[in-house]
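Trainee: following is a predicted model, sequence given first.
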Amino acid sequence: MRPSSLALSLLLLLALTCLFVLAPASAPSTDARRDANRAMVERYGITDLALFTEARYTRHPSQADLHSAFQDHPGALEHFPTGSLLQPHRPILTQYAPLARETTPSD
Amino acid sequence: MIELADIRKAFNQGHTNEYWALHGISLKLDAGRVTAFRGPSGSGKTTLLTIIGCLAKPTSGRIRFKGEEISGLPERFLTDIRRQSFGFVFQQFNLIKGLSALDNIILPGFPSGRPRAELLANAASLLDRLKLSHRSRARVEWLSGGEQQRVAIARALINDPEVIIADEPTANLDTALSLEFMGILEDLTALGKTVLLTSHDPLVVESQAVHRVIAMRDGRLTET
Amino acid sequence: MRLWLEKQRHLIDFTLASLARRKTKNIGLLLAYMLLVFVLASLMLFTHALRSEAAYVLASSPEVIVQRMVAGRHDLVPPDYLERIGRVRGVQKMQGRLWGYYYDPVLNANYTFMARPSGEIADGGIMVGNALARERGLSTGNTISFRSYSGKLFTFEVLATLSPDSELLSADLVLLSENDFRRFFEYPAGHFTDIAMSVANPQEVRNIAAKLGKMLPDSRPILREEILRTYESLFDWREGIVLTVLAGAILAFAILAWEKASGLSAEEKREIGILKAIGWETSDIIRMKSWEGLLISITAFLGGVLAAYVHVFHFGAAVFEPVLKGWSVLYPKFKLLPTVDGLQLITLLFFTVFPYMAAVLVPIWRAAIADPDTVMRA
């Protein structure tokens, strides 16, 4: 087979596959799961995505204080690039250890 | 067929290393003949061939090809004339490495958009005539010197030009292969091609296949 | 037209034959290029899909939330606020919300506790998010104990797990009854975390928020449109930590491509001279090289984008998971609804094809305008 025919038909095939795969996704579509989630948001009054659970300003970015980024999870550093690149400081976790021990039954 | 009038060529004109390769060459070359330019290196014979073959423009002077003035044409038209009317066989053969013999031969046919099937059939018949069909799929760097030259000749012929220009065609060949080349020259003459070549090989310039020998020295004709 | 087409195909034939000579190197380059497009396209598709998911789902979040600020941090809303807000004209529905965070030392994870009316969840029972249930190995009917911040131990029975399809919203949720919430966090009676409300006329939201601000100077109203805006700019280029990391890779590839495309070897220059000598025009050589650039960059683009689509929408953007996860322990498993932004893809196409074409063509230009007689003189 002529090299250009081979290459062009492969390219065309690739382009058509792309079109076939991507085109349906570019049009708005309805999805039952998404609608169920929307209903859940309304029911529970959810304000944020649960993507980052380590700190209040990442768990609920829209609800967080305007001024400070203080951590809730002992391992969470601040919400800035360095915080994602630097490992949390392990000994911090031990400060929270008393929470796991030294408790008394509630009633 | 080709008329040259007072052709001069300078390199690096206007610079301190300005060098005049040709000092006023006037010449008439006939169609269907084999003409050899003889002379030591630096005599300007290759420069003259590049000017005749439209690879370069003369600094001054006029060239007429088939009665038409071509020295003043822009590069685009020169390229067209070169592609249609001239076939080149270079001293180093100048084949494109990594491609097969067949792929090399059909290259000059690409810019004109001739159908590939036609080019391939043409190339195959040329290789057949040059007794190289068995090597058509081989990469050119795997071919021997003589085989490479025959591929170069086939490439020069693919567009069916009227003029074949060969620069030192036997410089890289032994005696037996040189004689074989002279045989091919005779075939080309039989086909009605005009052949221009440069050489200082006595085997070539004294051969029966060459109809006219033009001697050059220092950018001037010494014997026509 | 037929001639033109045939000629272009000749040029493609030649450029392919040329590429085939250094097969491993060129395939390697194509794969590296494809990988780069794959990562960039994955990032684009993922963030776009996530943003559109957030925009769709959060469109039904509370219209206005009123927080109380003390020393720059939010604080509990005192009992009289509800009643005072209720007096503002235009406020339609109002509800005090109770929610907060709990750090679980067992998982080293934060949970979001949210109170529901006792009608919905009986005292002593909880409903948990699916990620939490998965990580702690909980299922309906199990009991779990939490130690409150005051050091007391509370035991709850899991009444239900929230739908796995809602993990993106509910991964770390613990829903419990209002009574349990108040006892667990020792919330003073009548106090709330914040107040969610809706207004009669949506056009009036801003005015009503301004009125609230005047009446309760220590309050901070958060409008739904602000929430949506937060997520619109989610992962924009400034938050592109992935991009920061990628910058190195892009640069490395740029150097590689430049080296490959622009470093015209003596051999390539000689070939261009040969082609010109045997009758190729300068434009033929440039066109031939353009085909090379186009074929490689478009193949890389299409292959990369296709792979990215599969990666993001069928494999849950697994490559980004460790980056997005950050230091949080509970990471939701979610499937994004395939959404593609055409404009974004066209931008990516431009940035894929254009620089490569430039890297291929700029150096060729100089070589291609050289005089054709150089081959004879060499």
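Mentor: Perfect, I can see it now. Residues are numbered from 1 along each chain as shown, chains lettered A, B, ... in the order given.
Trainee: may I ask you to name the longest helix in chain A?
Mentor: When chain A is parsed with DSSP state H, its longest helix is helix A:3-26.
Trainee: after it, which helix or strand is next?
Mentor: helix A:32-44 (DSSP states H and E).
Trainee: find the closest residue to chain B in the stretch 201-350 of chain C.
Mentor: Residue of the stretch 201-350 of chain C nearest chain B, by Cβ to the nearest Cβ: C:G279 (2.9 Å). All C-beta atoms are positioned from the backbone trio N, CA, C, and that covers glycine.
Trainee: doesn't that residue fall inside a strand?
Mentor: No: per DSSP: H, G, I helix; E, B strand; the rest coil, C:G279 lies outside any strand segment and is coil.
Trainee: I'd like to know how many residues surround it.
Mentor: If you count neighbours by other Cβ atoms under 10 Å in any protein chain shown, C:G279 ends up with 28.
Trainee: what sits against it?
Mentor: Residues in contact with C:G279 (Cβ atoms under 8 Å, 6 or more residues apart in numbering or on different chains) are B:79, B:82-84, B:108, B:111, B:159.
Trainee: next, the closest residue to B:R220 other than its chain neighbours: phi, psi?
Mentor: Among residues not flanking B:R220 along the chain, B:H23 sits closest, at 5.4 Å (Cβ to Cβ, 6 or more residues apart in numbering or on different chains). Main-chain dihedrals, B:H23, degrees, to the nearest 10: phi -120, psi 70.
Trainee: list the contacts of B:H23.
Mentor: B:8, B:218-220.
Trainee: and which of these is nearest to chain C?
Mentor: Distance to chain C, by Cβ to the nearest Cβ, is smallest for B:G219 among these, at 14.8 Å.
Trainee: separation between that closest one and B:G24?
Mentor: Separation of B:G219 from B:G24 (Cβ to Cβ, to the nearest Å): 8 Å.
Trainee: what about the two, which has more around it?
Mentor: Using other Cβ under 10 Å as the criterion, B:G219 and B:G24 rank with B:G219 on top: 22 against 15.
Trainee: I'd assumed B:F11 was in contact with that one.
Mentor: No: using Cβ atoms under 8 Å, B:G219 is not in contact with B:F11; the gap is 11.2 Å.
Trainee: quickly list what's touching both of these two.
Mentor: Residues within reach of B:G219 and of B:F11 at once, by Cβ under 8 Å, 6+ apart, are B:20-21.
Trainee: contacts for the helix-or-strand element of chain B with minimal mean pLDDT next, please.
Mentor: Every helix and strand of chain B was ranked by mean pLDDT, DSSP states H and E. The lowest is strand B:220-223, at a mean of 85. Identification of contacts with strand B:220-223 by Cβ under 8 Å, 6+ apart yields B:23-25, B:27, B:39, B:44, B:213-216.
Trainee: who wins on neighbours among these?
Mentor: B:G44 (25 neighbours).
Trainee: separation between it and B:M216?
Mentor: Distance, B:G44 to B:M216, by Cβ to Cβ: 6 Å.
Trainee: what does the helix or strand hosting C:I85 contact?
Mentor: Secondary structure from DSSP H and E places C:I85 in helix C:79-86. With contact meaning Cβ under 8 Å, 6+ apart, helix C:79-86 is reached by C:66, C:68, C:91, C:94, C:96, C:189-192, C:195, C:197, C:212, C:215-216, C:219.
Trainee: show me which of those residues are buried.
Mentor: C:66, C:68, C:91, C:94, C:96, C:191-192, C:195, C:197, C:212, C:216, C:219 (16 or more other Cβ atoms under 10 Å in any protein chain shown).
Trainee: show me which pair in those residues is furthest apart.
Mentor: Farthest-apart pair in the buried ones among the contacts of helix C:79-86 is C:V91 and C:H191; separation 19.8 Å (Cβ to Cβ).
Trainee: check B:Q91 and give its pLDDT.
Mentor: Looking at B:Q91, its pLDDT reads 86.
Trainee: OK, contacts around the nearest residue to it once chain neighbours are set aside?
Mentor: Counting by Cβ to Cβ, 6+ apart, B:E168 is the residue found nearest to B:Q91 once chain neighbours are left out, at 4.2 Å. By Cβ under 8 Å, 6+ apart, the residues touching B:E168 are B:46, B:91, B:197-199, B:201.
Trainee: tell me the one among the residues you listed nearest to chain A.
Mentor: Comparing the contacts of B:E168 against chain A with Cβ to the nearest Cβ places B:Q91 closest, at 30.6 Å.
Trainee: sec struct for the closest one, please.
Mentor: What three-state DSSP gives for B:Q91 is coil.
Trainee: next: the one 3 residues further on.
Mentor: Following three-state DSSP, the label given to B:N94 is coil.
Trainee: just say helix, strand or coil for the residue lying closest to it once chain neighbours are set aside.
Mentor: Spatial nearest neighbour of B:N94, excluding adjacent residues (Cβ to Cβ, 6+ apart): C:I274 at 4.7 Å. Following three-state DSSP, the label given to C:I274 is helix.
Trainee: for C:K333, give its distance to C:L168.
Mentor: C:K333 is 9 Å from C:L168, by Cβ to Cβ.
Trainee: one more: B:F90?
Mentor: From B:F90 over to C:L168 (counting by Cβ to Cβ), the distance is 69 Å.
Trainee: low-confidence ranges in the chain?
Mentor: You didn't pick a chain, so chain A it is. A:66-72, A:74-107 (pLDDT under 70).
Trainee: chain C was what I was after
Mentor: In chain C, residues with pLDDT under 70: C:236-246, C:260-263, C:326-327, C:375-378.
Trainee: for B:A5, list each beta-bridge partner.
Mentor: Here B:A5 sits in beta bridges with B:R62, going by DSSP bridges.
Trainee: whoops, B:V89 was the one
Mentor: B:A166.
Trainee: do I have it right that it meets B:T170?
Mentor: No: because the distance of 10.6 Å does not satisfy Cβ under 8 Å, B:V89 is recorded as not touching B:T170.
Trainee: wait, what's in contact with B:G42?
Mentor: Going by Cβ under 8 Å, 6+ apart, B:G42 touches B:D218.
Trainee: helix/strand/coil for it?
Mentor: Following three-state DSSP, the label given to B:G42 is coil.
Trainee: kindly report the same for A:T53.
Mentor: Counting by three-state DSSP, the backbone at A:T53 sits in coil.
Trainee: once you drop chain neighbours, what's closest to it?
Mentor: C:S328 (4.3 Å).
Trainee: what does chain B put close to chain C?
Mentor: With Cβ under 8 Å from any Cβ of the partner chain as the criterion, chain B meets chain C at residues B:46, B:49-50, B:55-56, B:75-76, B:79, B:82-84, B:88, B:90, B:92, B:94-99, B:103, B:107-116, B:155, B:159, B:167.
Trainee: hmm, B:T189 and B:A209 touching each other?
Mentor: Yes: counting by Cβ under 8 Å, B:A209 touches B:T189, with 7.1 Å between them.
Trainee: the residue nearest to B:S207 when sequence neighbours are not counted and B:L197: what is the separation?
Mentor: Nearest in space to B:S207, with sequence neighbours left out and distances taken as Cβ to Cβ, 6+ apart, is B:M182 at 5.0 Å. Distance of B:M182 to B:L197, computed by Cβ to Cβ: 11 Å.
Trainee: do the longest strand seen in chain C and chain A meet at all?
Mentor: What stands out as the longest strand in chain C, according to DSSP state E, is strand C:152-161. Yes: on the criterion Cβ under 8 Å from any Cβ, strand C:152-161 is in touch with chain A at C:152-154.
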